[in-house]
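please work out how this folds:
(4 chains)
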2 protein chains.
Amino acid sequence: MNVNEAIAIMKEEGHKYTDKRRDMLQLFADESRYLAAKDVLEALKPTYGGMSFDTIYRNLSLFTDLGILEATELDGEKRFRFNCATTHHHHHIICLECGRTSHIHHCPMEAAAVSAPGFEVVDHKFEIYGYCRECRQTEAG
Amino acid sequence: MNVNEAIAIMKEEGHKYTDKRRDMLQLFADESRYLAAKDVLEALKPTYGGMSFDTIYRNLSLFTDLGILEATELDGEKRFRFNCATTHHHHHIICLECGRTSHIHHCPMEAAAVSAPGFEVVDHKFEIYGYCRECRQTEAG
DNA sequence: GATCAAATCGGAATAATTACTATTCAAAAA
DNA sequence: TTTTTGAATAGTAATTATTCCGATTTGATC
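Numbers count the residues shown, from 1 in each chain, chains lettered A, B, ... in the order given. Next up, the predicted model:
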């Protein structure tokens, strides 16, 4: 998934291509980490002074529905990142300080002998939380 | 972990034993599933008409700190359940409808060849979401 | 029973998110 | 290019979950 692919999907599905949508996509492409709604507002404030939260939330929701972004919930707020699992399914190691991520190339779903007969699985989550090397060094310094 | 153990821990740590705390613990012991703050209020409303959310949140937080409850975040709200991982570490299969849980007796942390050198792990989550047999039957019927 | 700190109540404050209406604008048609 | 039209947006109000705070109550200790 890259910005052009995302734009293609968006147009394909009959959604309008606006400056704000382009810049939001570019932001997520540039930052390979989880961002909250307020982070998006903060990042686009220099360009669009009065950008509405409504716009941000609506677009985050749209992009997630279209598979362009993936979402998780951490510390009381929803966070989004560019969907990097389109080529192969994987999970994330997430830094609690900066939101930076690494990949886990092992999906436990395969190994988990699901011991709940009759249970219909619709989703799963495997995430590791902690502090990345960079944040630990900053902290130490 | 059971109610008596929980009460023992609470007293041990110098916290007062109140009717509301006893009933909250009993509620979590009876329901082996994730409950949100409002679920607790709902359940204890017949006994204590005007129970404050402050009381509920404060106690949920206390119990979690003491290791009596474990918490997760789902669909915009924090949810809590009796800590059932005191004997052996495990994860949960969670019904999105009723919150009922089953155990996953396989922790992916052991197998996950963590590919983030320098990363300090502080927590991890492995959860499977879907619909349990009971809720699917209710839905179908 | 008296004392005191902790627990609780009730309501206000905060923060994230969603909803609503008037206005603006991208894209297709003329 | 201009017109048209419905989707997108701004600005603000409403909603929901959670936390905070001063006044009051209560469990545990003496």
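
I'd say A:Ser32 and A:His92 touch.
No. Taking contact to mean C-beta atoms under 8 Å, the distance of 10.4 Å between A:Ser32 and A:His92 leaves them out of contact. Heads up, the C-betas are built off the backbone N, CA and C, glycines and all.

got the domain ranges for chain A?
Taking automatic domain parsing as the reference, chain A has its domains at A:3-82, A:91-140.

got the residues of chain A near chain B?
Contact residues of chain A with respect to chain B, defined by C-beta under 8 Å from any C-beta of the partner chain, are listed as A:73-74, A:76, A:78, A:93, A:95-96, A:102-106, A:108-109, A:111-133, A:136.

recalculate using a threshold of 6 Å.
Along chain A, the residues adjacent to chain B under the rule C-beta under 6 Å from any C-beta of the partner chain are A:73, A:93, A:102, A:104, A:106, A:108, A:111-112, A:116, A:118-133.

now the residue of chain A most remote from its centre: how far from B:Leu69?
The C-alpha centroid of chain A is most remote from A:Pro117, which lies 31.7 Å away (C-alpha atoms, centre = their mean). In this structure, A:Pro117 lies at 28 Å from B:Leu69, with C-beta to C-beta, to the nearest Å as the measure.

show me where chain A has its helices.
A:3-12, A:19-30, A:37-44, A:53-65, A:108-111, A:133-140 (DSSP state H).

output those helices as JSON lines; include the columns distance to B:Met10 and mean pLDDT.
Putting these into JSON lines (distance: least, C-beta to C-beta, whole Å; pLDDT from 0 to 100) gives the following:
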{"stretch": "helix A:3-12", "distance to B:Met10": "51", "mean pLDDT": "95"}
{"stretch": "helix A:19-30", "distance to B:Met10": "45", "mean pLDDT": "97"}
{"stretch": "helix A:37-44", "distance to B:Met10": "37", "mean pLDDT": "96"}
{"stretch": "helix A:53-65", "distance to B:Met10": "40", "mean pLDDT": "97"}
{"stretch": "helix A:108-111", "distance to B:Met10": "34", "mean pLDDT": "82"}
{"stretch": "helix A:133-140", "distance to B:Met10": "34", "mean pLDDT": "82"}
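
which ones are touching the residue most central in space within chain A?
Among the residues of chain A, A:Arg81 comes closest to the average C-alpha position under C-alpha atoms, centre = their mean, at 1.7 Å. For A:Arg81, the contact set (C-beta atoms under 6 Å, 6 or more residues apart in numbering or on different chains) comprises A:Tyr34.

picking up where we left off before, now render the helices of chain A as CSV, adding mean neighbour count and distance to B:Glu13.
What follows is the helices of chain A, written out as CSV (neighbours: other C-beta atoms under 10 Å in any protein chain shown; distance: least, C-beta to C-beta, whole Å):
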stretch, mean neighbour count, distance to B:Glu13
helix A:3-12, 15, 51
helix A:19-30, 17, 44
helix A:37-44, 16, 36
helix A:53-65, 16, 41
helix A:108-111, 14, 34
helix A:133-140, 12, 30
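
Throw the ones you listed into a markdown table and include distance to DNA strand D, thanks.
Putting those into a markdown table (distance: least, C-beta to the nearest atom of the strand, whole Å) gives the following:
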| stretch | distance to DNA strand D |
| --- | --- |
| helix A:3-12 | 8 |
| helix A:19-30 | 4 |
| helix A:37-44 | 9 |
| helix A:53-65 | 3 |
| helix A:108-111 | 26 |
| helix A:133-140 | 23 |
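
which stretch among these comes nearest B:Arg58?
helix A:37-44 (26.9 Å; C-beta to C-beta).

for whichever residue of chain A sits closest to DNA strand D, grab the count of nearby residues.
Residue of chain A nearest DNA strand D, by C-beta to the nearest atom of the strand: A:Gly50 (2.6 Å). A:Gly50 sits with 5 neighbouring residues when counted by other C-beta atoms under 10 Å in any protein chain shown.

A:Ala116 against B:Arg100, yeah?
No. Counting by C-beta atoms under 6 Å, A:Ala116 sits too far from B:Arg100 to count as a contact (9.5 Å).

what sits up against stretch A:14-34?
With contacts defined as C-beta under 6 Å, 6+ apart, stretch A:14-34 is touched by A:3, A:6, A:43-44, A:59, A:79, A:81-82, A:99-101.
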